[in-house]
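# A predicted structure for the sequence below; I have some questions about it.
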Amino acid sequence: MNTPLMIGLSVVLALAGTLTLGKSAYEERLALQDALSASQQEYQAGMTTIQRLPQLRKDAEQARTELSDIQREFPSSENLGVLLDQTQQLAQQSGLQIQNIARTTGPSAIPTIAEVRLSIRAQGGYPDLESFLRAVRADRRVMNVTGFSTAGEGAQTIKLTGYVRQGE
């Protein structure tokens, strides 16, 4: 057999193998560099999130407080007993004596909110009525005074509208 031909073929095969292996190693190096770059970006994003955690905790606590306030102002159920007790207490603290409370419910102009309308007949003077209206306004639950009238001898009729969330 021809030795120079064999040596030439051996060299060609060796170069081809080296180039193939070298190309694979180069491609693998590029892939590793890309993976390293992606890992570094992910690490930086994680560090940024970690640095933001104290502010995120504050924001979450503030959101919980606001939600709690909204739930007090717009309860998810009517809680008629609680509503009547609150109204009775406000009236007593104001010097009004409640004689009768009539309740009706209905939809409101705001979606997912229902109205609870109270018509209160009470006995007391004008200062008592004023004190009661101020107490209703200061109460945490959203209540609108939709009307009131005085019928002499301290007879008062007060119309209130409260609100509850629906569909939860």
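Here it is on my side, so go on.
# C-alpha from now on. contacts and neighbour counts both.
Will do.
# for this structure, what spans make up the strands?
97-107, 113-123, 143-150, 155-165 (DSSP state E).
# got the CA coordinates for the last one in PDB?
What that stands for is strand 155-165. Extracted in PDB, the C-alpha atoms of strand 155-165 (Å, rounded to 0.1, in the frame of the first residue of the first chain):
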ATOM      1  CA  ALA A 155     -91.500  63.600  67.000                       C
ATOM      2  CA  GLN A 156     -88.800  63.000  64.400                       C
ATOM      3  CA  THR A 157     -88.700  60.900  61.200                       C
ATOM      4  CA  ILE A 158     -85.300  60.100  59.800                       C
ATOM      5  CA  LYS A 159     -84.500  58.200  56.600                       C
ATOM      6  CA  LEU A 160     -81.100  56.600  56.300                       C
ATOM      7  CA  THR A 161     -79.600  54.500  53.400                       C
ATOM      8  CA  GLY A 162     -76.800  52.100  54.100                       C
ATOM      9  CA  TYR A 163     -75.000  49.900  51.600                       C
ATOM     10  CA  VAL A 164     -73.800  46.300  51.400                       C
ATOM     11  CA  ARG A 165     -71.700  44.500  48.800                       C
END
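# strand partners of that strand, parallel vs antiparallel please.
strand 113-123 (antiparallel), strand 143-150 (antiparallel) (DSSP bridges).
# what pLDDT, on average, does the longest one get?
In this model, strand 113-123 has an average pLDDT of 88.
# circling back: any chance of the strands of the chain in TSV, plus mean neighbour count and distance to I50?
Below are the strands of the chain laid out as TSV (neighbours: other CA atoms under 10 Å; distance: least, CA to CA, whole Å):
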stretch	mean neighbour count	distance to I50
strand 97-107	14	46
strand 113-123	21	39
strand 143-150	14	43
strand 155-165	20	37
